[in-house]
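Participant: Structure, please.
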Amino acid sequence: MAKKKEVVAVIRLQAPGGQATPAPPIGPALGQHGVNIGQFVQQFNASTNALNGMKVTVVITVFVDKSFTFEVKSPPAAVLLKEAAGIAKAAGTAGKETIATVTSDQVREIAQRKINDLNAGSIDAAVRMVAGTARSMGIEVTG
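Facilitator: Got it, this is the predicted structure:
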């Protein structure tokens, strides 16, 4: 029976899919735990090449022998909403200004993409979470 490795650290980062570099935040976060940064960057970029620069959350588990595993999560809802609305950044004063609109179908699509990473019991709850994120960014949900 295989012996489980002892976990030293669990690191959560946001990195551009397919375009990660050893520069901050990745390099310092991994370096302090003795992980081979170049090896991580190479494996991460290979597995996220299709995301083409979109920021994704990655959870890296570092073991006592300096080996690691990583799990790529879906992009943050805010990134997906900005892409759907076609905007570069969110409103400075959410609630007072509306800078873009997205359809309820687009919100449902984003919720379905993120359902595994959200703390939601149903797709409807996930849709409400994503719609709340949109409101806080100054994006109106229509239809």
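Participant: Please count neighbours and contacts with C-alpha atoms only from this point.
Facilitator: Noted.
Participant: buried sites along the longest helix seen in the chain?
Facilitator: Across the chain, the longest stretch assigned as helix under DSSP state H is helix 123-136. Using 16 or more other C-alpha atoms under 10 Å as the burial criterion, the residues of helix 123-136 that qualify are Ala126, Val127, Met129, Val130, Ala131, Ala134, Arg135, Ser136.
Participant: what would these look like in a markdown table with pLDDT and distance to Thr57?
Facilitator: Formatted as a markdown table, the buried residues of helix 123-136 follow (pLDDT from 0 to 100; distance: C-alpha to C-alpha, whole Å):
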| residue | pLDDT | distance to Thr57 |
| --- | --- | --- |
| Ala126 | 93 | 18 |
| Val127 | 94 | 20 |
| Met129 | 93 | 18 |
| Val130 | 94 | 17 |
| Ala131 | 94 | 20 |
| Ala134 | 92 | 19 |
| Arg135 | 91 | 22 |
| Ser136 | 89 | 20 |
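Participant: re the thing from before, name the helices or strands packed onto the longest helix of the chain?
Facilitator: helix 77-85, helix 104-114, strand 139-142 (3 or more C-alpha pairs under 8 Å, 6 or more residues apart in numbering; DSSP states H and E).
Participant: What would the first one look like as CSV? C-alpha coordinates only.
Facilitator: The one in question is helix 77-85. Output of helix 77-85 as CSV, limited to C-alpha atoms (Å, rounded to 0.1, in the frame of the first residue of the first chain):
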residue,chain,number,x,y,z
ALA,A,77,-16.7,35.2,-12.0
ALA,A,78,-15.6,38.9,-12.3
VAL,A,79,-13.2,37.9,-15.2
LEU,A,80,-15.9,36.0,-17.0
LEU,A,81,-18.4,38.8,-16.5
LYS,A,82,-16.0,41.4,-17.9
GLU,A,83,-15.4,39.2,-20.9
ALA,A,84,-19.2,38.7,-21.5
ALA,A,85,-19.9,42.4,-21.1
